[in-house]
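Engineer: Pasting the sequence and the predicted coordinates here, then a few questions.
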Amino acid sequence: MKWLRISSALAGIAACSLVLAQVAPHARQAGAVLAAQDDPAALSELKLDAALAQNDRLVQDNIEAALKDGDADLADSFVAFAHDRNIALPDDLLSRVSDAVKSENSTSHFAKRFATGLVTGNADDVASLSGTVAGDLFVVGDIRDVVREGKHLAMGEDTDRLVLGLATAGLAVTAVTYVSAGGAAPVRAGLTLVKDARKVGRLGEGLAVWAGRSAREVVDTPMLQNAVAKGSVFRPGETASAIKAAFRVEKAGALVRLGKDVARVAEKTGTRGAMDSLRIAEGPKDIARAARLAEAQGSKTRAIMKVLGRGALLLVGGAFDLTLWLFGAALTLFGLISSIKATTERLTQAWCDRKRARRLRRAQIAAEAALAGPAATA
């Protein structure tokens, strides 16, 4: 029975050791992910390690897809990502990416996209954004958007209040831009990007709801309707002044912070990178995280967001599963320690019992010898 108890304790050590060897890597990964959940750069690195381990052609396949879609900027972002990770890519693929980037950055292409952004007010790349921002800085773009949406509002038609609020905020920020010699220009560009993302349907649903609510707060609707009724794009100075009067500066802090964060993303990743972050964001905190990610990862950010989506910014779901891995590892470790403790105690008890038995035998032999001595003498 004694050796059966020792054998069962040894079996517990073996079983717990085997389970711990299987659980430990997952628990270690889970712990690292949970520890990095407030650091977008570290979190994305850990998730990318897992993604690359599952698919060794991840980068190459995404580059091919980006080239097929005509997105040379995204393809180039994956090339930068591959270089950073020491992932070898075929020379012909690198050559195709280089040619696509050169074509996209050509003078004729830039001029065409600039004109498109200036005229339509929609931006999806650096060139068109330059045209859009130019139009907004000269107040034409924002006045066009305010007049259009304001007239919809006055006539009881469907109105995009978010575009209306962003354009109104943009006019006020543009005035600050001129006064501060461009100091508010990044905010101006950021607000323009949010507005353009909304127009082309690339603004995350959660972010759109938040931004729409914020936009309503910064606009005095009756005053704006009066300004729009009397305004015209052909009298930009007079119209802009009337519209800016309907802007509540004291309510604009959240929108201004959003514009700054979007501008930080665009500065490091380009216009399309900022658009990508606006598409996956569910609120201003996501954009702030995207700005931190962009500042840490630079040109690789678009590739990271393409692979991980919103998971590049924060721990999306799975926290319970990660916690279970840690709990399982802790439970198994506790079982291992308990088994080692039980084995040690039982071995020690067996050794003590054996030693006690030997002492008893020696004492018995000595007693028998002592009794045998007098008997022999007699």
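Structural biologist: Cool, the structure landed.

Engineer: who's in contact with stretch 276-288?
Structural biologist: 193-194, 197, 202-207, 210, 254, 257-258, 261-262, 265, 269, 290, 294, 302, 305-306, 309-310, 312-314 (CB atoms under 8 Å, 6 or more residues apart in numbering). Just so you know, the C-beta spots here come from the backbone N, C-alpha and C atoms, and that holds for glycine as well.

Engineer: Go again with 7 Å.
Structural biologist: Surrounding stretch 276-288, the residues in contact under the criterion CB atoms under 7 Å, 6 or more residues apart in numbering are 193-194, 197, 202-204, 206-207, 210, 254, 257-258, 261-262, 265, 290, 302, 305, 309-310, 313.

Engineer: Buried ones from these, can you make that a PyMOL selection?
Structural biologist: Buried residues within the contacts of stretch 276-288, by 16 or more other CB atoms under 10 Å, are selected in PyMOL with:
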select buried, resi 193+194+197+202+203+204+207+210+254+258+261+262+265+290+302+305+310+313
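
Engineer: as a whole number, average confidence for stretch 213-220?
Structural biologist: Taken as a whole, stretch 213-220 has a mean pLDDT of 76.

Engineer: Tell me the buried residues in that stretch?
Structural biologist: Ser214, Ala215, Val218, Val219.

Engineer: Verify the stated contact: the third one with Ala252.
Structural biologist: Yes. The pair Val218 / Ala252 is scored as a contact, 4.8 Å apart, by CB atoms under 7 Å.

Engineer: list the residues that contact both of those two?
Structural biologist: Overlap of the contact sets of Val218 and Ala252 (by CB under 7 Å, 6+ apart) consists of Ala169.

Engineer: got any ranges where the stretch 251-378 of the chain has weak pLDDT?
Structural biologist: 315-326, 368, 372-378 (pLDDT under 70).

Engineer: Now do the strands in the stretch 251-378 of the chain.
Structural biologist: Applying DSSP state E, counting those that start in this stretch to the stretch 251-378 of the chain gives no strands.

Engineer: top helix in the protein by residue count?
Structural biologist: Longest among the helix segments of the chain by residue count, using DSSP state H, is helix 319-377.

Engineer: which strands and helices sit next to that helix?
Structural biologist: Other helices and strands packing on helix 319-377, by 3 or more CB pairs under 7 Å, 6 or more residues apart in numbering; DSSP states H and E, are helix 2-35.

Engineer: pLDDT of whatever helix or strand comes next after the helix it packs on, averaged?
Structural biologist: From helix 2-35 onward toward the C-terminus, using DSSP states H and E, the following helix or strand is helix 40-54. The predicted model assigns helix 40-54 a mean pLDDT of 85.

Engineer: Could you do stretch 75-86 as well?
Structural biologist: Stretch 75-86 carries an average pLDDT of 91.

Engineer: Now that stretch: buried residues?
Structural biologist: Quick answer for stretch 75-86 (16+ other CB under 10 Å): Ala75, Asp76, Ser77, Phe78, Val79, Ala80, Phe81, Ala82.

Engineer: and the fifth one, helix, strand or coil?
Structural biologist: The three-state label for Val79, taken from DSSP: H, G, I helix; E, B strand; the rest coil, comes out as helix.

Engineer: For the residue nearest the centre of the chain, grab phi and psi.
Structural biologist: In the chain, the residue lying closest to the centroid (CA atoms, centre = their mean) is Leu313, at 1.1 Å. With angles defined as degrees, to the nearest 10, Leu313 sits at phi -100, psi -30.

Engineer: That one reaches Arg292, doesn't it?
Structural biologist: No. Because the distance of 8.8 Å does not satisfy CB under 7 Å, Leu313 is recorded as not touching Arg292.

Engineer: Now for these two: what residues contact both?
Structural biologist: Residues touching both Leu313 and Arg292 (CB under 7 Å, 6+ apart): Pro40.

Engineer: got the contact list for the helix or strand harbouring His83?
Structural biologist: Here His83 sits within helix 72-84, counting by DSSP H and E. By CB under 7 Å, 6+ apart, the surrounding residues in contact with helix 72-84 are 59, 62-63, 66-67, 89, 94, 97, 100-101, 104, 270, 272, 299-300, 302-303, 306.
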